[in-house]
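1. generate a structure from the sequence data that follows.
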Amino acid sequence: MDIASKVISALAERRGSDPKEINNDTTFAELALDSLDVAEMVMDLEDAFNVTIDITKVKGTVGDLIEVIKEAQEA
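-> Next comes the predicted model:
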């Protein structure tokens, strides 16, 4: 499973929604995720990908989160 699929699946599971309804342009607000939800999700994804995610670089969309994870893996 690639990064995007894993992130989208994790978000869908957390929100109880269909992964097909989530894409790179989906905002955390559209998923009804507040800052605490996002922070918890980031911690879960750090464990899943074995990286440290700079949450300040995540601007508010699923695509932003995916890109930050990719950057963390390359570092």
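2. isn't residue 55 up against residue 39?
-> Yes: proximity of residue 55 to residue 39 meets the contact threshold set by C-beta atoms under 8 Å, at 6.5 Å. The way it works is simple: take the backbone N, C-alpha and C, and place the C-beta from them, glycine included.
3. packing partners for the host helix or strand of residue 14?
-> In this structure, residue 14 sits in helix 3-15 according to DSSP states H and E. Judged by 3 or more C-beta pairs under 8 Å, 6 or more residues apart in numbering; DSSP states H and E, helix 3-15 is in contact with helix 35-49, helix 62-74.
4. again, only using 6 Å
-> In this structure, helix 3-15 packs against helix 62-74, with contacts taken as 3 or more C-beta pairs under 6 Å, 6 or more residues apart in numbering; DSSP states H and E.
5. mind listing what's buried in the helix holding residue 14?
-> Across helix 3-15, burial judged by 16 or more other C-beta atoms under 10 Å covers 3-4, 7-8, 10-12, 15.
6. nearest to residue 48 among those residues?
-> Of all the buried residues of helix 3-15, residue 48 sits closest to residue 10, with 7.1 Å by C-beta to C-beta.
7. quick one: the closest one from residue 23, how far?
-> According to C-beta to C-beta, to the nearest Å, residue 10 and residue 23 sit 14 Å apart.
8. and stretch 30-45, how far out from the chain middle?
-> Relative to the chain's own centre, stretch 30-45 is displaced by 8 Å; criterion: C-alpha atoms, centre = their mean, to the nearest Å.
9. what residues sit buried inside it?
-> Of the residues in stretch 30-45, 31, 33, 38, 41-42, 45 count as buried by neighbour count, 16+ other C-beta under 10 Å.
10. ok, of these, which one's closest to residue 72?
-> Nearest to residue 72 among the buried residues of stretch 30-45, counting by C-beta to C-beta, is residue 45 at 9.6 Å.
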